[in-house]
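Participant: Using only what follows, build the 3D model:
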Amino acid sequence: MIYTVTFNPSLDYIVSVDDFMLGRVNRTRTEIIYPGGKGINVSMVLKNLGHDSHALGFMAGFTGQEIVRLLDEWGVRSDFIRVEQGISRINVKLRSNEESEINGQGPAIAEEHIRQLYQQLDRLEDGDVLVLAGSIPDVMPDDIYMDIMKHLSSKKLHIIVDATRDLLVNVLPYHPFLIKPNNHELGEVFGVELEDKEEVFTYAAKLQERGARNVLVSMAGDGAVLLTEDGQRFESMPPKGKVVNSVGAGDSMVAGFLAGYMEEHDYAKAFYMGLCAGSASAFSEELATRDEVLALMHSIGK
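Facilitator: Below you'll find the predicted structure:
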């Protein structure tokens, strides 16, 4: 079974406004409400690609109830821990001449809630997949990802981590199956600015030296690279298309990679399916579907 963890899920209110102007009444052209958060996005795209998962995390208030309802409507099973204080956040994504975001804070997660999460994670079995994705609320310990991996180190799990800076670096000694920084985040780890794919491979290898098994690096319009635990190197420009939505593209890449790997246990299939899933979400107002991903794979000869 695949499990995803989202510590601070949200309702994403995505609006399009023609020529947005500050200080004026602006009318929306389109409106979409999605359950959001990186782990949730992974679960939703996995479902679109034909793979079930189990979404874990925390929820609170009427917004938390709506997140659960929408996931159920999507066909994604969830088991969120209910938090008494506060509400699950609402994130506003404004699309106009530029993209802007206003992200909420989220509820007050206590130590008891974290203990409940560990009790859920204790049920994972050898062979299961766990996706730890996104930032964590300020009220939680900043080494939570590392603590989870340490806690589960006796189990034979495939753990995927999509996080930044210390959240990412701290898990490396516990040998995550996959990490997925973007090229800017990879550069931040080492205090450098990466100019080309060869430099990205060089620093991806340094993350492997620290313990990562597979390193997938997204590079927006420059595509992606993958360095595998058995020494394979993959690189590709993205499929051609018009970017209309940046929300969830990186999460879609993780979901596509995971779906491809689960289907054939082949890193080439996983890499190109991840690349095309990220692109399909970027080219659409909504998250990638399997038909869209396969069409893009066909367009690049994969």
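
Participant: Please enumerate the helices of the protein.
Facilitator: With DSSP state H, the ranges of helices along the chain come out as 38-48, 61-74, 111-121, 144-151, 165-169, 183-190, 197-209, 249-264, 267-282, 290-299.

Participant: Could you list every helix and strand that the third one packs against?
Facilitator: Applying 3 or more Cβ pairs under 8 Å, 6 or more residues apart in numbering; DSSP states H and E, one finds that helix 111-121 makes contact with strand 54-59, strand 77-82, helix 144-151. Just so you know, the C-beta spots here come from the backbone N, C-alpha and C atoms, and that holds for glycine as well.

Participant: buried ones in the second one?
Facilitator: Of the residues in strand 77-82, 78, 80-81 count as buried by neighbour count, 16 or more other Cβ atoms under 10 Å.

Participant: And for that strand, what's in contact with it?
Facilitator: With Cβ atoms under 8 Å, 6 or more residues apart in numbering as the test, strand 77-82 has contacts from 9, 43, 52-60, 64, 67-68, 71-72, 113, 116-117, 120.

Participant: one step back: to residue 278, which of the helices and strands packed on helix 111-121 lies closest?
Facilitator: Distance to residue 278, taken as Cβ to Cβ, is lowest for strand 54-59 among the helices and strands packed on helix 111-121, at 19.9 Å.

Participant: Report the inter-axis angle for the closest one versus helix 111-121.
Facilitator: Orientation check (axes from the mean of the first three to the mean of the last three Cα atoms, to 10 degrees): strand 54-59 against helix 111-121 gives 180 degrees.

Participant: Show me what stretch 260-277 is in contact with.
Facilitator: Stretch 260-277 has contacts (Cβ under 8 Å, 6+ apart) with 2, 45, 49, 51, 129, 214, 216, 223-224, 226, 228, 230, 232, 234, 236, 238-239, 252-259, 288, 293-294, 296-297, 300, 302.

Participant: Give me the distance between it and the centre of its chain.
Facilitator: Using Cα atoms, centre = their mean, to the nearest Å, the mean C-alpha position of stretch 260-277 is found 16 Å from that of the whole chain.

Participant: List the buried residues of that stretch.
Facilitator: Going by 16+ other Cβ under 10 Å, stretch 260-277 has these buried residues: 260-262, 267, 269-277.

Participant: One more: stretch 132-144?
Facilitator: Here stretch 132-144 shows 132-137, 139-140, 144 as buried, counting by 16+ other Cβ under 10 Å.

Participant: what's the farthest-apart pair in these?
Facilitator: 133 and 139 (18.5 Å).

Participant: quick one: pLDDT of the residue positioned nearest the centre of the chain?
Facilitator: Residue closest to the mean C-alpha point of the chain, counted by Cα atoms, centre = their mean, is residue 251 at 3.2 Å. Predicted confidence (pLDDT) for residue 251: 95.

Participant: roughly how far apart are it and residue 82?
Facilitator: Taking Cβ to Cβ, to the nearest Å as the measure, residue 251 and residue 82 are separated by 24 Å.

Participant: sorry, back to before: buried members of the contacts of strand 77-82 into PyMOL, please.
Facilitator: Burial among the contacts of strand 77-82 is assessed by 16+ other Cβ under 10 Å; the matching PyMOL selection reads:
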select buried, resi 9+43+53+54+55+56+57+58+59+60+64+67+68+71+113+117+120
